[in-house]
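Novice: show me the folded form of this:
(one chain, ligands or ions: 1)
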Amino acid sequence: MAASPTHDLIVIGAGPAGATAARVAAGLGARVALIDKAAFPREKLCGGALTTRASRYLAASHGPLPTGLLHPCKAVRFTDGPRLLAEERGALPLTLTMRRALDAHLWRGALASGAEDWTGRRIAALDPASGIVRLEDGAWLQGAAVIGADGVHSMVARALLGDAAPLRRVGFALEAEVDGPPGEVMELDLTAVPYGYGWDFPKAHGRTLGLGGVQALSGDMMGRFRAWLAARGVDPAGVRIKGHHLPFGQMRTRIGEGRVVLAGDAAGLVDPVTGEGIAWAVLSGQRAAQAALAALAQGQPDRTHALYGAAMRDVLGEVRRAGRIARLAHHPFWQPRVLAAIAGSGHLRRRYLQLLAGEMDHADIGLSRMVRLMLRLTLGRGAGGLG
Ligand SMILES: Cc1cc2nc3c(=O)[nH]c(=O)nc-3n(C[C@H](O)[C@H](O)[C@H](O)COP(=O)(O)OP(=O)(O)OC[C@H]3O[C@@H](n4cnc5c(N)ncnc54)[C@H](O)[C@@H]3O)c2cc1C
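Specialist: Next comes the predicted model:
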């Protein structure tokens, strides 16, 4: 095998996390290989909602997105099944995109920055200790550092930590695209599924409808989704329904080891309150690349995980706090009170949207605000506690 690595950095997975890592590292002059089993453009099941936070991180690493990739949202409706709880209009901190187009744009950007294109090629094995990656076609590469950005079923996580996400406990979502005229209104059905929600997102060519929750707690998700679609006037037999896991509430306690680190869904970085994963994928990809290059500059690629772990402490704390809030908001005692507060308090709705958009962090809620909020919810006095 090679006396010295073929690449400074090997990035496995070219979704938002991997494409960002590759772009950042190649832009800083590193020799980078970007591997994905799929050839791009490729499909990725996703609602495609981009929060202010996601847009900010995308712009920081990739520059402004072409406007053709974005579709505006002019109103958000909060519902409890067929019951309208409330509607917010005006300047909303959310835009919608199609992942096939967004991810292809990010992948092209990584290549334009100098990353080598190894997409459309499957990996046979990874040796975390040496950074050697063998592909199914017999080729092999060796990275001084390796980033596993290969999604919720990460083979890098399996090779490194001995497991992928525990599938019964991670989130699971079903989605269907419905063709039609461009939509303008986003709907969040807060009771469509226990410990999750339903979404009806407007797109340039129609709508994306979905249902996501924790698989073990949601029973027959497919049956629920079909009934939910029918209740919205969509014939479930007339659309293609697809499912995919998403790691909300299943953040890893370790996100790497030595020269190999995990980013995005592979690290379990999906917000358990909102189901948002693109923002953390982009940020973690950027920080993983920076950590790898800093470790290489010190001549100690094995320090990549130590540097990355330290840089990610704030994000890991945020995902952990979001997990606690999600468990509370979906608890059978609290959920009806939360719904009543959303229906009755414009203040809470705007705060919830700020949280959804990443204009407010879960950390901003703090313990005393949380206690005030719970007190008000218990007494049925709305939700001034978040303000
Ligand atoms: C139904 C659904 C709706 C969602 N809606 C939203 C939303 O509206 N907004 C939001 O912010 N987030 C949403 N998410 C979450 C979001 O899609 C993910 O968090 C995000 O895609 C994570 O990016 P990533 O780069 O980590 O992984 P991915 O986008 O999953 O990319 C991983 C890449 O790794 C590749 N790969 C996998 N295995 C291998 C292998 N062995 N070798 C090589 N390559 C491999 C895959 O082909 C893929 O290209 C949703 C998720 C689901 C399932």
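
Novice: next up, phi/psi of the most centrally placed residue in the chain, please.
Specialist: The centroid of the chain falls nearest to G277 when counting by Cα atoms, centre = their mean (1.1 Å). Backbone torsions of G277, given as degrees, to the nearest 10, read phi -130, psi -20.

Novice: any idea how far it lies from the ligand?
Specialist: 2 Å (Cβ to the nearest ligand atom, to the nearest Å). Where you see a C-beta, it was placed from the backbone N, CA and C, and this is true even at glycine.

Novice: beta partners of the closest residue in space to that residue that isn't next to it in sequence?
Specialist: Here the nearest residue to G277 in space, its sequence neighbours aside, is V270; by Cβ to Cβ, 6 or more residues apart in numbering that works out to 4.0 Å. With DSSP bridges as the criterion, V270 is bridged to F248.

Novice: V270 contacts F248, doesn't it?
Specialist: Yes - applying Cβ atoms under 8 Å, one finds V270 in contact with F248, separated by 4.1 Å.

Novice: which residues are common contacts for these two?
Specialist: Here V270 and F248 have 171, 277 as joint contacts, going by Cβ atoms under 8 Å, 6 or more residues apart in numbering.

Novice: quick one, what contacts the residue nearest to the centre of the chain?
Specialist: By Cβ under 8 Å, 6+ apart, G277 lies in contact with 246-248, 264-265, 269-271.

Novice: again, only using 10 Å
Specialist: 15-17, 46, 54, 151-152, 171, 246-248, 264-265, 268-271 (Cβ atoms under 10 Å, 6 or more residues apart in numbering).

Novice: with V319 instead?
Specialist: V319 touches 247-252, 267-273, 280, 312, 362, counting by Cβ under 10 Å, 6+ apart.

Novice: quick one: which of those residues is most hemmed in?
Specialist: F248 (31 neighbours; other Cβ atoms under 10 Å).

Novice: and the contacts of G277, which of them are in strands?
Specialist: In this view, the contacts of G277 that belong to strands under DSSP state E are 171, 246.

Novice: so which of the contacts of G277 reach the ligand?
Specialist: 15-17, 46, 54, 151, 246, 264-265, 270 (Cβ under 6 Å from any ligand atom).

Novice: how about those in TSV, adding pLDDT?
Specialist: Output for the ones next to the ligand among the contacts of G277, formatted as TSV (pLDDT from 0 to 100):
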residue	pLDDT
G15	98
P16	98
A17	98
C46	96
A54	95
G151	95
L246	88
G264	97
D265	95
V270	91
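
Novice: and the stretch 51-200 of the chain, which residues reach the ligand?
Specialist: So far as Cβ under 6 Å from any ligand atom goes, the stretch 51-200 of the chain lies against the ligand at 54, 123, 149-151, 155, 173, 175.

Novice: now do the stretch 251-387 of the chain
Specialist: Residues of the stretch 251-387 of the chain lying near the ligand (Cβ under 6 Å from any ligand atom): 264-266, 270, 275-278, 281.

Novice: hang on, the earlier thing: quick one, which of the residues of the stretch 51-200 of the chain next to the ligand are buried?
Specialist: 54, 123, 149-151, 155, 173, 175 (16 or more other Cβ atoms under 10 Å).

Novice: in helices, which of the residues you listed fall?
Specialist: Cross-referencing these against helices under DSSP state H gives 54, 155.

Novice: so can I have JSON lines of the buried ones among the residues of the stretch 51-200 of the chain next to the ligand showing distance to P194?
Specialist: Formatted as JSON lines, those follow (distance: Cβ to Cβ, whole Å):
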{"residue": "A54", "distance to P194": "27"}
{"residue": "I123", "distance to P194": "36"}
{"residue": "A149", "distance to P194": "31"}
{"residue": "D150", "distance to P194": "30"}
{"residue": "G151", "distance to P194": "25"}
{"residue": "M155", "distance to P194": "31"}
{"residue": "A173", "distance to P194": "14"}
{"residue": "E175", "distance to P194": "18"}
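
Novice: for the buried ones among the residues of the stretch 51-200 of the chain next to the ligand, which one is nearest A22?
Specialist: A149 (8.8 Å; Cβ to Cβ).

Novice: which residues touch the closest one?
Specialist: A149 touches 11-22, 34-36, 156, 261-267, 281, 284-285, 288, counting by Cβ under 10 Å, 6+ apart.

Novice: so I35: helix, strand or coil?
Specialist: strand (DSSP: H, G, I helix; E, B strand; the rest coil).

Novice: which element is the closest residue to it other than its chain neighbours on?
Specialist: Once flanking residues are discounted, I35 sits nearest to W118: 4.2 Å by Cβ to Cβ, 6+ apart. Counting by DSSP states H and E, the element that carries W118 is strand 116-119.

Novice: just the CA trace of that strand, in CSV.
Specialist: Backbone C-alpha positions of strand 116-119 (Å, rounded to 0.1, in the frame of the first residue of the first chain) are rendered in CSV as follows:
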residue,chain,number,x,y,z
GLU,A,116,-11.9,15.2,-7.5
ASP,A,117,-15.1,13.6,-8.7
TRP,A,118,-15.5,10.0,-7.4
THR,A,119,-19.3,9.9,-7.6
